[in-house]
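Visitor: next input, structure requested:
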Amino acid sequence: MGCLLNGEISELARLSCEDLVENMLQVDIDHSIQEQLSWKNSLYLLIQLLNDQGFGNLWLVAEYSLTADRRIDAIIFGYSNQQQPTAIIVELKQWEKLAPNIEKQKTNVNVCIGNRNEYRLHPIYQTVNYTRDLKAHHEIVANKKIDLYAIQYLHNFIGDKNAFFSEMYEDYQKLSVGFFVKGEEQLLVNHLKKYFDVTINGEQVATEFLEGKYIIGQVGFNGLRSVLNQKDNAIMLADQIEISAQISQLFKEFIQNHRNTAIIIRGAAGTGKTIIGIHLLFLAQQHGLKTNDMVFTFAKSKMLREVVKNEAGLMQHIPYLNGIALKDYSFVVVDEAHRDTDINKTIKSLFSYSKSPKIVVFLQDDHQRVLLEEVGTLLNYQKALYRLGIEPVIFNLIVQKRSGNQGDYVDRIHKLLFDCKKVTSRNNTFDIVLSHSLKVIDEQLLKMKELGETTKWFAPYDWPWKSKNNLTIRNDIEIRDKDGTKFQKQWNPMRNQYDWYKDADETSFNQVGSVYTAQGLDYDYTGFIWYDDLRWDKSLSKWVFDLAKVKDQTFVKQVERFLSSHNYSEAACDEVLEIFLNQYYVLLTRARKGIFLWFNDKDTEDHVMSVIKR
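Guide: Okay, the predicted model is just below:
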């Protein structure tokens, strides 16, 4: 992780506001005029205030980068009176006043900006999130080698400060001691003096922090165990924050009114649906629900269910959606809801046959339906719920968390397969590597694995699963590569799939995942074989599928029945094509850091690379 400014406060104070900005732009020039103005005003003012008040020995880091394009305005480093390394996050705002919270938001405040109003994240919620994030992911902070605190400084604010702590924001009152506005500079200084011995230089603390590793771990699956022990499971990022807060309000209303409530959380691959779903179990407990009155369930995925169960270290069975009807839970989270095969039956079993009202959360993505019989689209859920007089509350997760710190790769895949009008960045650091040799990719993945990265091969279901009941067969997938070498791999095992996910033995590396073992999971690096069931037709400028190439007989029979029943109409073919595209979408979005691609068809290769590498 990087920063734009790093130095002793007494030295930084010698810079003019113009020199300060110029120094920061030399590190990274790609910053807006608005950002530069905030440095000239807020950051410059903070540095001068600290220096004038005797904090010149301390060290300051500005614009420290976190995940998902977030940056901390400033962090002050030094030692406490007990010589304990200490850091204080400072959130700076230029706001002058707030407008009424018309939308009743909990994590955002309505800020007056010139002639307009705009909702921005509450400064206290912002720093709480930064603090939790660093404590979870920064090795120095997580190991308690540095004590971490936070304050907020709104140096221009002339409105009523109490607006930040009233009505929807009353939960922030307990943290108001570190919140300062215009005219409270002496209070801010006195507050900081409680934390720092200003005679000790803070360079060593800042250096250790900046050199410390920032580790993004898998916080979602094992979080279920934490939740069942009444502990929080994850650090919420970006849009997860507001959704979590809004659903917390729905819990309050449910406790008061006891009315059937349906919530649909939509999100593309990697936006953190499972993580927030598990987090909601924790929120439910905070609002008084008991652990035995709630359940986390799956519409279909055997693989994901086994991973969650084992990662959480649970002895008990995690039920499928169709297995929870006999237990009348008050709160249900349905993961992979898009894979449901009978929406009407599901909604009736959850709500109509229930003895008491309940809250049900559906985690859903239209583009992750991978079989024609899977009908869990947003529209189908809405229709089924409306029939029972239930209007669902719909939230959208947008910010990419799987590859979010590496770029906009998932957006590029959306654009490639679904022609979505996504705005993609030129600065994409997610590794997209094209190779014409499967052997080379294999060697690269093995090298990554030896370096401690998690790796997996994935491919479309274009080869028979010969090893399904006979693990001695090693050549399920057999390809004569362009350089004449023979590439052989086995499909993932039918049993002990959690061991395959964890790469528990040497065999696992040579076992390729299909679309059915890919959903909901991710790895650092993946290798993908783009074969012939889906290709780009250059003459037609469109995607075309070839059912004859598919060796998944369940899928093939479903498609044949569907096409036959619809007289092989163009609309029916388009619907089948959508499922093919969905399957590739799932397979292509498993990587957190990078993907290695191999193509059998040159036109497909050229088209794909022209879109995702642009």
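Visitor: surely Y584 touches P460?
Guide: Yes: Y584 sits in contact with P460 when judged by Cβ atoms under 8 Å, with a separation of 7.0 Å. The way it works is simple: take the backbone N, C-alpha and C, and place the C-beta from them, glycine included.
Visitor: intersection of neighbour lists for the two?
Guide: Each of W530, L534 lies in contact with both Y584 and P460 under the rule Cβ atoms under 8 Å, 6 or more residues apart in numbering.
Visitor: what stretches of the stretch 351-500 of the chain score poorly on pLDDT?
Guide: In the predicted model of the stretch 351-500 of the chain, residues 401-407, 420-429 satisfy pLDDT under 70.
Visitor: so M448 is in which element?
Guide: Counting by DSSP states H and E, the element that carries M448 is helix 438-450.
Visitor: flag every buried residue along that helix.
Guide: Neighbour-count burial for helix 438-450, with 16 or more other Cβ atoms under 10 Å as criterion, is recorded at L438, V440, I441, D442, Q444, L445, M448, K449.
Visitor: next one: stretch 453-463
Guide: T454, T455, K456, W457, F458, A459, P460, Y461, D462, W463.
Visitor: hang on, isn't the fourth one packed against V512?
Guide: Yes: W457 lies in contact with V512 (Cβ under 8 Å); the separation is 4.3 Å.
Visitor: overlap in contacts, the two.
Guide: Common neighbours of W457 and V512, using Cβ under 8 Å, 6+ apart, are K489, I529.
Visitor: tell me the first helix or strand C-terminal of the helix or strand of the chain with the lowest mean pLDDT.
Guide: Taking all helices and strands of the chain together, the one with the lowest average confidence (mean pLDDT, DSSP states H and E) is helix 223-228, at a mean of 60. The helix or strand immediately downstream of helix 223-228 is helix 239-257, counting by DSSP H and E.
Visitor: and that following helix, what does it pack onto?
Guide: strand 261-267, helix 273-286, strand 359-364, strand 393-397 (3 or more Cβ pairs under 8 Å, 6 or more residues apart in numbering; DSSP states H and E).
Visitor: identify each buried residue in that helix, please.
Guide: The neighbour-count criterion (16+ other Cβ under 10 Å) identifies 239-248, 250-251, 254 as the buried residues of helix 239-257.
Visitor: for the residues you listed, which one is nearest S301?
Guide: Out of the buried residues of helix 239-257, the one with the shortest distance to S301 is Q240. That distance is 21.3 Å, counting by Cβ to Cβ.
Visitor: I'd say the closest one and K273 touch.
Guide: No: with contact defined as Cβ under 8 Å, Q240 does not count as touching K273 (9.5 Å).
Visitor: intersection of neighbour lists for the two?
Guide: When contacts are counted by Cβ under 8 Å, 6+ apart, the set common to Q240 and K273 consists of L397.
Visitor: give me phi/psi at I9?
Guide: The phi and psi values for I9, taken as degrees, to the nearest 10, are phi -60, psi -40.
Visitor: quick one, helices of the stretch 401-550 of the chain?
Guide: Listed in chain order, the helices of the stretch 401-550 of the chain (DSSP state H, counting those that start in this stretch) span 409-418, 438-450, 497-501, 506-509.
Visitor: nearest to K602, of the ones you listed?
Guide: Distances from K602 to each of these were compared using Cβ to Cβ; the minimum, 15.7 Å, belongs to helix 438-450.
Visitor: who does that closest one touch, helix- and strand-wise?
Guide: Applying 3+ Cβ pairs under 8 Å, 6+ apart, we find helix 438-450 packed against strand 455-458, strand 486-491, helix 506-509, strand 523-530, strand 591-599.
Visitor: 6 Å instead?
Guide: Using 3 or more Cβ pairs under 6 Å, 6 or more residues apart in numbering; DSSP states H and E as the contact test, the elements touching helix 438-450 are strand 455-458, strand 523-530.
Visitor: rewinding a little: redo the helices of the stretch 401-550 of the chain as CSV? Include distance to L58.
Guide: As requested, the helices of the stretch 401-550 of the chain are exported to CSV (distance: least, Cβ to Cβ, whole Å):
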stretch, distance to L58
helix 409-418, 39
helix 438-450, 40
helix 497-501, 46
helix 506-509, 49
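Visitor: number of nearby residues for the spatially closest residue to I390 that is not a sequence neighbour?
Guide: Using Cβ to Cβ, 6 or more residues apart in numbering and skipping the chain neighbours, the partner closest in space to I390 is A262 (5.1 Å). Applying other Cβ atoms under 10 Å, we find 23 other residues in the vicinity of A262.
Visitor: N492 too?
Guide: By the criterion of other Cβ under 10 Å, N492 has 24 neighbours.
Visitor: repeat for the one 4 residues further on
Guide: The number of residues packed near N496 is 15, by other Cβ under 10 Å.
Visitor: check F351 too.
Guide: A count of nearby residues for F351, using other Cβ under 10 Å, gives 19.
Visitor: list phi and psi for it.
Guide: F351 has phi and psi values of phi -110, psi -50 when expressed as degrees, to the nearest 10.
Visitor: pLDDT at the closest residue to S176 other than its chain neighbours, what is it?
Guide: With sequence-adjacent residues excluded and distances taken as Cβ to Cβ, 6+ apart, S176 is closest to F165, at 5.6 Å. According to the per-residue confidence, F165 scores 94 in pLDDT.
Visitor: contacting residues around F165?
Guide: Y172, Q173, S176 (Cβ atoms under 6 Å, 6 or more residues apart in numbering).
Visitor: so who does the second one touch?
Guide: Yep, that's Q173 we're talking about. For Q173, the contacting residues are F165, taking Cβ under 6 Å, 6+ apart as the criterion.
Visitor: how close does it sit to W95?
Guide: For Q173, the distance to W95 equals 19 Å [Cβ to Cβ, to the nearest Å].
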